[in-house]
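# only geometry, no sequence info:
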């Protein structure tokens, strides 16, 4: 039940209403390289200097920076000089230790765009990749991987996610009795890395589409890491030990069917 | 400075990242008429019944309703029957006492779409109505009012906003010495209504574009309300007493120029 105060002035509705503005402010500051520049400069810079370095308008940059200060993504001194917060240094620059840059760009460009069609998605009961990108809604990964660039961004994006949550997911169950682990749809190997780090005696086989495996080998998993291997294929036909099942965007019946296939 | 806890698990980044998902869930439930149906039914309904009434898929509706429960916009009994919260009854149905429906639809369809181009807006230092709607970025109100339907939605949207905040704005200064008040860009008259309600001896003249005045007279301000009158024109040429200046989307220099014109 809502409080009377909320009903007089529905703060929560304003917050929900403005949610997309907040998302886009953070995404845009990331995309333009604000956090990268401030991380590299190792200090604070004026809005004029930031605008000049990044090739943007002064008025637009000033507003963006002030919005980031409001969101506590930046700090400002003497109303003039901006610098990263600890959080931004750690997560929001491309070269940050736990950079979320690629994940945020994936959300900003692909997910934000798709969610324009949420009303249609609820009406139709299916994803809207067809309306958004002209790709069949049946072929989810065809849509995710509609170009090599998109595929690589998605792979970086997943790895960024696991860099924050992977350890907690892997530690949620004691997997130490299992030394041979398959990661279905293991993609760029972020979760596999967490797995061999927590269970050093385990080996993890990443099972994914051939083109994903190829890029994972080239860019993400060093060849000297012998505890991570690959298996190319399409999901649903193999009998494997289950570490994780990609559930994103799947209907429940598809997940059940896959699990039955895996048991067969 | 961010806390160490935030740096270990950056909850705020997830919150900002997901802000647009939250906005779109609320907008979509509004657009599909979920809150209207539950207000009219004066009780709770199953997701199947809601989907059938509103002509949507069952799976899509079930997910949407559960998301609304998570956001405290709906309540659920026995994991099956959904009903409005007090807040939703008051603000989210079309027929709600303080309905924000039109404002949310304006944000969902126009603002959400425009904010796809925020990066370009910061680069260029101007609004992106040209990219979004093919309208000149110089003519803001041409973009807002690009069709009669859009104009009416915008007018309802502003009135919805004033129904929440108008009283506080009008009460922020003691305007009782001023009995003749002009509301520049007064649009559908939401703020004027609040003004004559708080200062019954005042009369308010709404100054706006001819087509806006016409619709305001037809749909928003009853002819028997003699304390509200209209003045058709374009902003910047008249000498008027200032009640409020439309600042949305204006650059500071434009506001200063207008104020100088008004003083002249």
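In hand now; what should we look at? Treat the numbers as computed from the prediction; the structure is a model and nothing was measured.
# longest helix in chain A, by number of residues?
Longest helix of chain A, by residue count under DSSP state H: helix A:148-171.
# what residues does it touch?
Residues from elsewhere that reach helix A:148-171 (CB atoms under 8 Å, 6 or more residues apart in numbering or on different chains): A:98-103, A:105-107, A:110, A:144-145, A:187-191, A:193-195, A:197-199, A:211-212, A:215-216, A:219-220, A:244, B:9-10. Every C-beta, even on glycine, is put in place using the N, C-alpha and C of the backbone.
# can I get the buried ones among these as something I can paste into ChimeraX?
A single ChimeraX command selects the buried members of the contacts of helix A:148-171 (16 or more other CB atoms under 10 Å in any protein chain shown):
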select /A:99,100,101,102,103,105,106,107,110,144,145,187,188,189,190,191,193,194,195,199,212,215,216,220,244 /B:10
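# of the contacts of helix A:148-171, which belong to helices?
Mapping the contacts of helix A:148-171 onto helices (DSSP H) picks out A:101-103, A:105-106, A:144, A:190-191, A:193-195, A:197-198, A:211-212, A:215.
# restricting to those residues, which residues neighbour chain B?
By CB under 8 Å from any CB of the partner chain, the members of those lying near chain B are residue A:103.
# looking at the ones in helices among the contacts of helix A:148-171, which gets the smallest pLDDT?
In terms of pLDDT, the lowest of the ones in helices among the contacts of helix A:148-171 is residue A:144, showing 79.
# relative to residue A:131, how far out is it?
Separation of residue A:144 from residue A:131 (CB to CB, to the nearest Å): 16 Å.
# what's the answer for residue A:54, then?
Residue A:54 is 33 Å from residue A:131, by CB to CB.
# do residue A:190 as well
30 Å.
# got a list of what the one residue sitting closest to the centre of chain A touches?
Centroid-nearest residue in chain A, with CA atoms, centre = their mean: residue A:103, separated by 3.0 Å. Residue A:103 sits next to A:156, A:157, A:158, A:160, A:161, B:17 when contact means CB under 8 Å, 6+ apart.
# check what pLDDT the second one gets.
Pointing back at residue A:157 there. Predicted confidence (pLDDT) for residue A:157: 92.
# for stretch A:207-218, give me every contacting residue.
By CB under 8 Å, 6+ apart, stretch A:207-218 touches A:141, A:145, A:148, A:151-152, A:155, A:182-189, A:206, A:223, A:230-235, A:238, A:240.
# could you check how far it is from the centre of its chain?
In terms of CA atoms, centre = their mean, to the nearest Å, the centre of stretch A:207-218 is found 18 Å from the chain centre.
# stretch A:139-150 too?
For stretch A:139-150, the distance to the chain centre is 15 Å (CA atoms, centre = their mean).
# again, but for stretch A:165-185
For stretch A:165-185, the distance to the chain centre is 20 Å (CA atoms, centre = their mean).
# now that stretch: average pLDDT?
91.
# end to end, how far does it reach?
17 Å (CA to CA, to the nearest Å).
# please apply the same query to stretch A:61-79.
Across stretch A:61-79, first to last residue, CA to CA, it's 14 Å.
# in that stretch, which residues are buried?
Going by neighbour count (16+ other CB under 10 Å), the buried part of stretch A:61-79 is A:61, A:62, A:63, A:64, A:65, A:66, A:67, A:68, A:71, A:73, A:74, A:75.
# who touches the helix or strand where the last one lies?
Secondary structure assignment for residue A:75, by DSSP states H and E: strand A:74-77. Counting by CB under 8 Å, 6+ apart, the neighbours of strand A:74-77 from elsewhere in the structure are A:29, A:34, A:38, A:44, A:65-66, A:68-69, A:82-85, A:88, B:1.
# so which of those sit within helices?
A:29, A:34, A:38, A:65, A:66, A:68, A:69, A:88.
# what is the nearest of those to residue A:124?
Nearest to residue A:124 among the ones in helices among the contacts of strand A:74-77 is residue A:29, at 34.5 Å by CB to CB.
# pull the contacting residues for the nearest residue to that closest one once chain neighbours are set aside.
Distance criterion CB to CB, 6 or more residues apart in numbering or on different chains; nearest residue to residue A:29, sequence neighbours excluded, is residue A:68 at 5.3 Å. By CB under 8 Å, 6+ apart, the contact set of residue A:68 is A:25, A:26, A:29, A:34, A:74, A:82.
# shouldn't the second one be within a strand?
No. The assignment for residue A:26, made by DSSP: H, G, I helix; E, B strand; the rest coil, is helix rather than a strand.
# tally of neighbours for it?
Counted with other CB atoms under 10 Å in any protein chain shown, residues neighbouring residue A:26 total 25.
# likewise for the third one?
Burial of residue A:29, expressed as a neighbour count using other CB under 10 Å, amounts to 26.
# now do the end-to-end distance for stretch A:121-131.
10 Å.
# same question for it: list its buried residues.
Here stretch A:121-131 shows A:121, A:122, A:123, A:124, A:125, A:126, A:127, A:128, A:129, A:130 as buried, counting by 16+ other CB under 10 Å.
# out of these, name the ones that lie in strands.
Judged by DSSP state E, the buried residues of stretch A:121-131 include no members of strands.
# chain B next: which of those are close?
Restricting the buried residues of stretch A:121-131 to contacts with chain B (CB under 8 Å from any CB) yields A:121, A:122, A:123, A:124, A:125, A:126.
# is it true that the last one touches residue A:137?
What that stands for is residue A:126. Yes. At 4.8 Å, residue A:126 counts as touching residue A:137 under the criterion of CB atoms under 8 Å.
# quick check: neighbours shared by those two?
By CB under 8 Å, 6+ apart, no residue touches both residue A:126 and residue A:137.
# rewinding a little: save the buried residues of stretch A:61-79 as CSV, and put in pLDDT too.
Listed next are these as CSV, based on pLDDT from 0 to 100:
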residue, pLDDT
A:61, 98
A:62, 97
A:63, 97
A:64, 98
A:65, 98
A:66, 98
A:67, 98
A:68, 98
A:71, 97
A:73, 97
A:74, 98
A:75, 97
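# and the residues you listed as CSV, adding distance to residue A:114?
Below are those laid out as CSV (distance: CB to CB, whole Å):
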residue, distance to residue A:114
A:61, 28
A:62, 31
A:63, 27
A:64, 24
A:65, 29
A:66, 30
A:67, 24
A:68, 25
A:71, 24
A:73, 25
A:74, 29
A:75, 34
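# can you name the residue of the stretch 101-250 of chain A nearest chain B?
At 2.6 Å from chain B, residue A:125 is the closest residue in the stretch 101-250 of chain A, using CB to the nearest CB.
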